[in-house]
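[1] sequence plus predicted model, see below.
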Amino acid sequence: MMPGQPPFEIRVETHEGLMSLTRALRAEEDGKELRKELARNMREALKPAAAEAKSAIMAMSSAGLGTAPALRSSIARKIRPEVKLGGRWTGARVKAFKTKNVRRFPNAPKRTNRPRGWRHLVYGRADSWVTQYGRNHWFDNSMDGIAANARAAVVDAMESMARRIAARAR
C-alpha cells in the first residue's frame, strides 16, 4: 500500500465495483445512511431515462373510446427507477412494473412493447378473439437513446460515494 492511499480500493466501473462499494458502505459506522444516500443519488440519475420511457408510452396511438382507466397513463405511472444495493440482485435500472387493476391486464407494459401484440376477447362476444398491437418497442427504443447518459450518471453517483468513503479512511 502506498503512503497517503486509502486502505482499500473501490472501483465502480463494473458490477463488481458496485458490490465492493456496497461492502465498504456496510463497514462504515453510518453505512445505512450512506447506502440510502447512494440509492437516492442513483435513482435521481435514472429519472431522465424514466421520463423518456413515460413520454414514449404516452405517444402511443389510442382508439380514444374514453373508457376508464386509461391504459397509457396507467402504464406511465408504473415506470420508475429502481435501485437495490445487496441481496440477490444488485444494481440500478428503469423498470415498468405490472399494472395490477387496469382492465384485468397486469402485463400491459410488457405486451404493448411486443411487436406481436396481444390477444384478448372482444367485449360482449364469448368466442371472438382479436389481436391488438401497441407501439413496437416503445420502452426499448426510448432507452436506446438515453442509456449511455443514464449509465454515466449512475457511475458518477457511485464514484462520488467511493471518493467520500476513501476520504474518510485517510
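    Structure's in. What do you need? Remember, it's a predicted structure, so these values are computed and weren't measured experimentally. Numbering: from 1, shown residues only.

[2] please tell me how far residue 76 sits from residue 97.
    Residue 76 sits 11 Å away from residue 97, taking Cβ to Cβ, to the nearest Å as the criterion. No exception for glycine: its C-beta is placed from N, CA and C like everyone else's.

[3] higher neighbour count, those two?
    residue 76 (21 against 13; other Cβ atoms under 10 Å).

[4] low-confidence regions, the chain specifically.
    Applying pLDDT under 70 to the chain flags the ranges 1-15, 64-68, 169-170.

[5] which helix is the longest one in the chain?
    For the chain, the longest helix by residue count, based on DSSP state H, is helix 138-169.

[6] just the buried positions in it, please.
    Within helix 138-169, the residues that count as buried by 16 or more other Cβ atoms under 10 Å are 138-139, 142-143, 146, 150, 153-155, 157-159, 161-162, 165-166.

[7] tell me what it is packed against?
    helix 15-27, helix 31-58, strand 91-96, helix 108-113 (3 or more Cβ pairs under 8 Å, 6 or more residues apart in numbering; DSSP states H and E).

[8] who are the packing partners of the first one?
    By that I understand helix 15-27. helix 31-58, helix 138-169.

[9] okay, the helices and strands packed on helix 138-169, which one's buried deepest?
    Highest mean neighbour count among these (mean count of other Cβ atoms under 10 Å): helix 108-113, with a mean of 20.

[10] so how far is it off the chain centroid?
    15 Å (Cα atoms, centre = their mean, to the nearest Å).

[11] give me the residues contacting the helix or strand that comes right after that helix.
    Going down the chain from helix 108-113, the next helix or strand is strand 118-121, by DSSP states H and E. Residues from elsewhere that reach strand 118-121 (Cβ atoms under 8 Å, 6 or more residues apart in numbering): 105, 107, 111, 112, 128, 129, 130, 131, 132, 134.
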